[in-house]
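Participant: Any chance you can model this:
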Amino acid sequence: MSRLFPLRPKRSKPGWVALCPAAGSPAAVHVQQGGQGRARVLWVEALTTGMDELERLARSRGLSAYRITTLMPPGSYQLLQMNAPAVPRHEWKEALRWQLKDFIDFPAEQATFDVLDIPTESHAPGRPHMVFVAVARNEQVGEIMARHDRAHLDLQAIDIPELALRNVAALLEDENRGLASLSFDQHGGLLVLTFKGELYASRRIEIPLEQFTGADLERRQTLFERVGLELQRTLDAFDRQYSFISVSRLLLAPRPELSGLLDYLGSSLYVPVDQMDLSQVLDLEACPTLQQPAEQSRHLLALGAALRQESQP
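Facilitator: Numbering: from 1, shown residues only. Take a look at the predicted model:
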């Protein structure tokens, strides 16, 4: 699985620590891959004041010895789908930089970006080869790096929420079947469609979690219908674009605010709908609170960010 915005590799202790102040619930998570077994979640800690706690957490957890990753906040980057350049892969970034000017509202020279392949050649030969391009302003990436530098932390990668959720979905897929995964937080809904551990499509649903809180029955029904319509349109478009991928089910990350949505989607979509439960695929013994699916969902993107697969430098 590819990574975005790779930074400066150093020798560090095993595992990844994800510091995600802008995720669904601000959190820090340490995950270590378990060889042939499940990845282990060693600890999770809420960040009550976001990055203001960074230096305190660095001292209390000894984070200077670990590889650190974080997520770009929604709205601070764009995820574009573009045609893969007709050049060798090692030349993709240089070729795409000059195409970016037609998709962004600032000079391409001021852009930090990375490219993520959408594998289709072995499944649908002859169709146009597409890639995802994640792009942000240099100054936004620089601000994130500077905050970690001030805390003397080894920030080795900056990722995006779509890939964090992709990392989780990769563990939950049925063999040789596609998977739709949906989560909600204060930024709204995030849907990703994956196949064999790769991201093929994503969609933002502009309904923040707080809109479900305290909504009366009529308002909740309206919100549920909006979500269902967005999902149906996305699944239909995905089926047309990637007919070689059969989506086995949709997994909804549960939150108390979403009570009733699982049943609604189960009755309105043509794919089975289930509740997401990471206890099936992660070793959560060190974090008993994460045995509850709703608690997993609170920290879902931070968990996904820490589920990186790159080998130790």
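Participant: low-scoring pLDDT stretches of the stretch 201-313 of the chain, where are they?
Facilitator: Within the stretch 201-313 of the chain, the set of residues satisfying pLDDT under 70 comprises 310-313.
Participant: Quick one: the strands in it, in order.
Facilitator: Using DSSP state E, counting those that start in this stretch, the strands of the stretch 201-313 of the chain run over 247-252, 273-275, 282-283.
Participant: cool, the stretch 1-150 of the chain as well?
Facilitator: Under the criterion DSSP E, counting those that start in this stretch, strands of the stretch 1-150 of the chain are mapped to 13-20, 27-32, 39-46, 66-71, 78-83, 111-117, 130-137.
Participant: The second one: how far from the chain's middle?
Facilitator: For strand 27-32, the distance from its own C-alpha centre to the chain's C-alpha centre is 14 Å (C-alpha atoms, centre = their mean, to the nearest Å).
Participant: likewise the first one?
Facilitator: Here strand 13-20 is found 15 Å from its chain centre; the criterion is C-alpha atoms, centre = their mean.
Participant: for the most centrally placed residue in the chain, what are its contacts?
Facilitator: What sits nearest the mean C-alpha location of the chain, by C-alpha atoms, centre = their mean, is Ala164, with 2.6 Å. Contacts here follow C-beta atoms under 8 Å, 6 or more residues apart in numbering; on that basis Ala164 touches Ala18, Ala23, Leu71, Leu300, Leu301, Ala302, Leu303, Gly304, Ala305, Leu307. C-beta coordinates here come from the backbone N, C-alpha and C atoms, glycine included.
Participant: Out of those, which two are the most distant from each other?
Facilitator: The distance between the two most remote of the contacts of Ala164 (C-beta to C-beta) is 13.4 Å, for Ala23 and Leu307.
Participant: Show me which of those two is the more surrounded one.
Facilitator: Counting neighbours by other C-beta atoms under 10 Å for Ala23 and for Leu307 shows that Ala23 has the greater number, 29 against 26.
Participant: Model confidence score at the more buried one, please.
Facilitator: According to the predicted model, the pLDDT of Ala23 comes to 58.
Participant: hmm, back to that, what is the neighbour count of the spatially closest residue to the residue nearest to the centre of the chain that is not a sequence neighbour?
Facilitator: In space, and not counting its chain neighbours, Ala164 is closest to Gly304: 3.3 Å by C-beta to C-beta, 6 or more residues apart in numbering. By other C-beta under 10 Å, 31 other residues sit near Gly304.
Participant: Over to Glu139?
Facilitator: Once other C-beta under 10 Å is used to define contacts, Glu139 is seen to have 10 neighbours.
Participant: His299 too?
Facilitator: Look at His299: counted by other C-beta under 10 Å, it has 27 neighbours.
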